[in-house]
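# Quick check, what structure comes out for this input:
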Amino acid sequence: MTSINRIKLSFMMFLEFFIWGAWFVTLGTFLGSNLNAGGSQIAAAFSTQSFGAIIAPFIIGLIADRYFNAERILGVLHLVGAFLMYQMFNSQDFAAFYPYVFAYMVVYMPTLALVNSVSFNQMSDPEKEFSNIRVWGTIGWIAAGLTISYVFHWDSAESISSGFLKNTFMMAGIASLILGLFSFTLPRTPPKANKEEKISIAGILGLDALNLLKSRDFLVFFISSILICIPLAFYYQNANPFLTNVGLENPTGKMTIGQISEAFFLLLLPIFFKKFGFKKTLMAGMLAWVLRYALFAYGDAGSASWMLILGIALHGICYDFFFVSGQIYTNARAGEHVKSAAQGLITLATYGVGMLIGFWVAGMVTDNYKITDGSFNWNMIWLIPAGIAAVVLLLFAVTFREKKEKISGV
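The predicted model follows:
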């Protein structure tokens, strides 16, 4: 890969995740504080991510893989996304906002696969080269959070009450416009699929890998992956509103500690695999969810603020030790001809079905524990997902039987 292409791909990854981090983290706070949305409405807004994840394979499989260069589709989708962000910025109530956020997620979620396709197409050794490119995405997400909290202070109590938090959509829209135009300068990534080849909906959705579920251990892992997305949804939907509500200063900036942790524990993951094996690594990830929510339940913005910070910092273990480990495990268990289908199946199950259920449950619980003065019983809101994660951990520990086999890639 040439140096100029490495720079282009790194900038592409930076903007891709800067855009997502620029508005998604503070979405719950914005909807509740500025559009007076209830828990169920906020859950509906976050659920658009799941619908986008379900629809994305069709856009990639039916269009990107068959007819048009990936970088051109990437550019068009981000230009459309910039317009939708502007419309979200201008929305005055939830009824006007929701159609735009739904449409945005439908066009954004496919870009996550497209940036990977553009990157892999330029690499001779993706296993060694990709991480150096992908890390700029994490840096982009962190930069967005720090910009919101420490440059513009849009997540301060005064700015939120003044309606300035909506500027996050304008910032994301400008970044989306830049990436949309920049995408047309990226290295050419032509479609690889045969246009005349028969289209298989089962193949597009990853259903060709369903035979893996005949194995008891993979079935247990598959079900656990769906169930653990329920507590995960609580974090995405409620973390920023919670930290804002309890008075933690610069909450969005502090939440970037989670992304720093994610990058750090990603480096430690191979060590844990070799020393403790797949089952114990996954169990450590699930246990981290229990501990994180217990810390949130009993922490505060005063003398116990360290509990909130530690809960945020556990994100690396929560995410890497379960979801990244699961991707590696899925790759190892799948046959050579269904590796891509197996990854698609897990993505559909987690970010599609699992998160969809999770956001619905989180919205229902949040509404149930809303106090009449507009505040929330955060103790119970966090103890419930902690309990769910604990049950999933127990069921996985009892029912999963790890085979003594080498997990490739670690």
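
# any idea of the mean pLDDT in whichever helix or strand A175 is part of?
If you go by DSSP states H and E, A175 is part of helix 167-182. Averaged across helix 167-182, pLDDT comes to 98.

# what does that helix rub up against?
Defining contact as C-beta atoms under 8 Å, 6 or more residues apart in numbering, one finds that helix 167-182 is touched by 8, 11-12, 15-16, 18-20, 22-23, 26, 30, 74-79, 81-83, 85-86, 88-89, 144, 147-148, 152, 154. Just so you know, the C-beta spots here come from the backbone N, C-alpha and C atoms, and that holds for glycine as well.

# what do you get if the cut-off is 7 Å, keeping everything else the same?
Here helix 167-182 makes contact (C-beta atoms under 7 Å, 6 or more residues apart in numbering) with 12, 15-16, 18-19, 22-23, 26, 75, 78-79, 81-82, 85-86, 88-89, 148, 152, 154.

# try stretch 345-363
39-40, 42-43, 46-47, 49-50, 53-54, 205-207, 209, 222, 225-226, 229-230, 232-234, 237-238, 326-327, 330.

# do the same with stretch 283-303
Against stretch 283-303 from outside (C-beta under 7 Å, 6+ apart): 228, 231, 242, 246-248, 304-305, 307-308, 310-311, 314, 317-318, 321-322, 325, 379, 382-383, 385-386, 389-390, 392-393, 396-397.

# Same check on stretch 81-97?
Against stretch 81-97 from outside (C-beta under 7 Å, 6+ apart): 31, 35, 37, 41, 100-101, 103-104, 107-108, 166, 169-170, 172-173, 176-177, 180.

# Off-centre distance for the helix holding A175?
19 Å (C-alpha atoms, centre = their mean, to the nearest Å).

# all helices of the stretch 151-300 of the chain, in order?
Per DSSP state H, counting those that start in this stretch, the stretch 151-300 of the chain carries helices over the ranges 157-161, 167-182, 201-205, 216-245, 251-298.

# same deal with the stretch 301-410 of the chain?
305-313, 315-319, 325-333, 339-347, 355-368, 378-399.

# mind listing what's buried in the shortest one?
With burial defined by 16 or more other C-beta atoms under 10 Å, the residues of helix 315-319 counted as buried are H315, G316, I317, C318, Y319.

# Let me have the residues you listed in TSV, extended by distance to R292 and pLDDT.
As requested, the buried residues of helix 315-319 are exported to TSV (distance: C-beta to C-beta, whole Å; pLDDT from 0 to 100):
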residue	distance to R292	pLDDT
H315	8	94
G316	11	92
I317	9	94
C318	6	93
Y319	11	89
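
# so where's the stretch 101-250 of the chain shaky on pLDDT?
Residue ranges of the stretch 101-250 of the chain with pLDDT under 70: 127, 192-208.

# And the helices of the stretch 151-300 of the chain: which comes nearest I133?
Ranking those by proximity to I133 (C-beta to C-beta) places helix 251-298 first, at 13.5 Å.

# Distance from the chain centre to that closest one, please.
15 Å.

# Equivalent analysis for stretch 371-385, please.
With C-alpha atoms, centre = their mean as the basis, stretch 371-385 stands 24 Å off its chain's centre.

# Check stretch 121-128 too.
24 Å.

# May I have that stretch as PDB, with CA atoms only?
Coordinates of each C-alpha in stretch 121-128 appear next as PDB, following Å, rounded to 0.1, in the frame of the first residue of the first chain:
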ATOM      1  CA  ASN A 121      -8.900  -3.800  -1.400                       C
ATOM      2  CA  GLN A 122      -5.700  -1.900  -0.900                       C
ATOM      3  CA  MET A 123      -4.000  -4.400   1.500                       C
ATOM      4  CA  SER A 124      -1.700  -7.200   0.700                       C
ATOM      5  CA  ASP A 125      -1.700  -8.500   4.300                       C
ATOM      6  CA  PRO A 126      -4.900  -7.300   6.000                       C
ATOM      7  CA  GLU A 127      -4.200  -9.100   9.300                       C
ATOM      8  CA  LYS A 128      -1.200  -6.900   9.800                       C
END
